[in-house]
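Trainee: can't give you the sequence, but here's the structure:
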């Protein structure tokens, strides 16, 4: 048995336990979380300075894009970013892609991440995922705005899903890249499984303009790619309201980015489904659009929040702690307990990882040590270290 103690131990929803003691078996499985105020005899324990918490859950990543680190300019806007990504996507050799994936996974491990909701458009990450260093739920991402292609695109998704190690589900990329017909097929398929879904949501103003008026930068992107979308008809309402209705309301659904989501959008979406998780990847938002979501809107709505890193094509690091620091800089009123809940319990709940996220008996969530922070604030000097 291994006993760990620190200035505080955090586990949601309990919160911070002063001088708490975490008991783990030889395999790292939680046996007990001891509150020293409630017992007479305390075991000898390894002592750490700082705050102990469960391992972090990265709710949104594109591991297969890791070889793009430093290759795409910052602040190009979403459409500029997409153009860069699409034109350079086939430049790298397979060996380069695989090596970058391996390095990126090691970086996540060093930054206290124990599980990932990872987007895949190919098999590039599957070999690494099969090693089991991290817990993955893979989102097999589909794209096709042409309704006539819906069935064929779904066939490709099912092929990838069949080869995918660990758990997986087939999901849409974003409202402006999937037809209603494809969304409906994905939604119907999801009803047969108890796995989460995800979709990129309102990450640019252009996305809303495309659905409201049928023009703007998204249409320009399709013209740049040489894709005919003459069949597309604007809906007159924004992307979230146009497409969310095609996805099941009784499955966990992670909406990613939400950079331009309004309070009214949040209320509407939360009315549609109580199984929504709103994922923030703030450093990617700054990298691409140089702007951030209005976090207060989501806090006021008591929305369930999770955190992601996005990819190394749109981020300098794969660190959830760095994402927290970026949010804290804009919204200093957010408390440490909220950040840690988002990065641990909420992430595990969203991805269906029941064995992770909290220090409860028989779980194996991993153990992080946070130093240079308080029970009130994540600070610029805060560091994370994996200790179990």
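Mentor: Perfect, thanks for sending it. Bear in mind the structure is a predicted one, so any value in this text is a computation, not a measurement.
Trainee: Would you mark the buried spots in the lowest-mean-pLDDT helix or strand in the chain?
Mentor: Least confident helix or strand, the chain: helix 77-88 with a mean of 90, by mean pLDDT, DSSP states H and E. Using 16 or more other Cβ atoms under 10 Å as the test for burial, helix 77-88 gives 77-85. Using the backbone N, CA and C atoms, a C-beta is placed for each residue, glycine as well.
Trainee: OK, contacts around residue 243?
Mentor: The contact partners of residue 243, taken as Cβ atoms under 8 Å, 6 or more residues apart in numbering, are 172, 175, 178, 180, 183, 199.
Trainee: In its sheet, which strands sit next to the helix or strand containing residue 4, and in what direction?
Mentor: Assigned by DSSP states H and E, residue 4 belongs to strand 2-5. Sheet pairing for strand 2-5, assigned by DSSP bridges, gives strand 21-24 (antiparallel), strand 46-47 (parallel).
Trainee: Quick one: name whatever helix or strand follows the least confident helix or strand of the chain.
Mentor: helix 94-110.
Trainee: that older thread, out of the contacts of residue 243, which is nearest to residue 117?
Mentor: The nearest member of those to residue 117, counting by Cβ to Cβ, is residue 199 at 12.1 Å.
Trainee: Strands along the stretch 101-250 of the chain, start to end?
Mentor: Taking DSSP state E, counting those that start in this stretch as the test, the strands found in the stretch 101-250 of the chain are 113-120, 135-142, 167-172, 197-201.
Trainee: Distance check, the nearest residue to residue 122 once chain neighbours are set aside against residue 288.
Mentor: Nearest in space to residue 122, with sequence neighbours left out and distances taken as Cβ to Cβ, 6 or more residues apart in numbering, is residue 64 at 6.1 Å. Applying Cβ to Cβ, to the nearest Å, the value for residue 64 to residue 288 is 18 Å.
Trainee: quick one: which of these two has more around it?
Mentor: Counted by other Cβ atoms under 10 Å, residue 64 and residue 288 do not tie: residue 288 has more neighbours, with 28 against 24.
Trainee: for that one, what are its contacts?
Mentor: Contacts of residue 288 (Cβ under 8 Å, 6+ apart): 74-78, 81, 203, 314.
Trainee: In these, find the pair that's most separated.
Mentor: Maximum distance among the contacts of residue 288 (Cβ to Cβ): 15.3 Å, for 74 and 203.
Trainee: ok, these two, which is more surrounded?
Mentor: residue 203 (25 against 11).
Trainee: Does the more buried one touch residue 259 like I think?
Mentor: Yes - in terms of Cβ atoms under 8 Å, residue 203 counts as a neighbour of residue 259; the distance is 5.1 Å.
Trainee: where do the contact lists of the two overlap?
Mentor: By Cβ under 8 Å, 6+ apart, the residues touching both residue 203 and residue 259 are 285, 289.
Trainee: Counting neighbours, which bits of whatever helix or strand residue 267 lives in end up buried?
Mentor: Under the criterion of DSSP H and E, residue 267 resides in helix 263-272. By neighbour count with 16+ other Cβ under 10 Å, helix 263-272 contains the buried residues 265-266, 269, 272.
Trainee: re earlier: got JSON lines for the strands paired with strand 2-5, with mean pLDDT, distance to residue 195 and mean neighbour count too?
Mentor: Shown next, in JSON lines, are the strands paired with strand 2-5 (pLDDT from 0 to 100; distance: least, Cβ to Cβ, whole Å; neighbours: other Cβ atoms under 10 Å):
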{"stretch": "strand 21-24", "mean pLDDT": "98", "distance to residue 195": "29", "mean neighbour count": "21"}
{"stretch": "strand 46-47", "mean pLDDT": "96", "distance to residue 195": "37", "mean neighbour count": "12"}
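Trainee: ok, what's across the strand from residue 199?
Mentor: In this entry, residue 199 is beta-bridged to residue 255, by DSSP bridges.
Trainee: Quick check: it touching residue 175?
Mentor: Yes - using Cβ under 8 Å, residue 199 is in contact with residue 175, at 7.1 Å.
Trainee: quick one: contacts for the closest residue to residue 79 other than its chain neighbours?
Mentor: Closest residue in space to residue 79, ignoring its immediate chain neighbours: residue 217 at 4.3 Å, by Cβ to Cβ, 6+ apart. Residues near residue 217 by Cβ under 8 Å, 6+ apart: 77-79, 204, 206, 209-210.
Trainee: Including distance to residue 276, mean neighbour count and mean pLDDT, could the strands of the stretch 101-250 of the chain go into a markdown table?
Mentor: Shown next, in a markdown table, are these (distance: least, Cβ to Cβ, whole Å; neighbours: other Cβ atoms under 10 Å; pLDDT from 0 to 100):
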| stretch | distance to residue 276 | mean neighbour count | mean pLDDT |
| --- | --- | --- | --- |
| strand 113-120 | 14 | 26 | 98 |
| strand 135-142 | 16 | 24 | 98 |
| strand 167-172 | 14 | 23 | 98 |
| strand 197-201 | 10 | 25 | 98 |
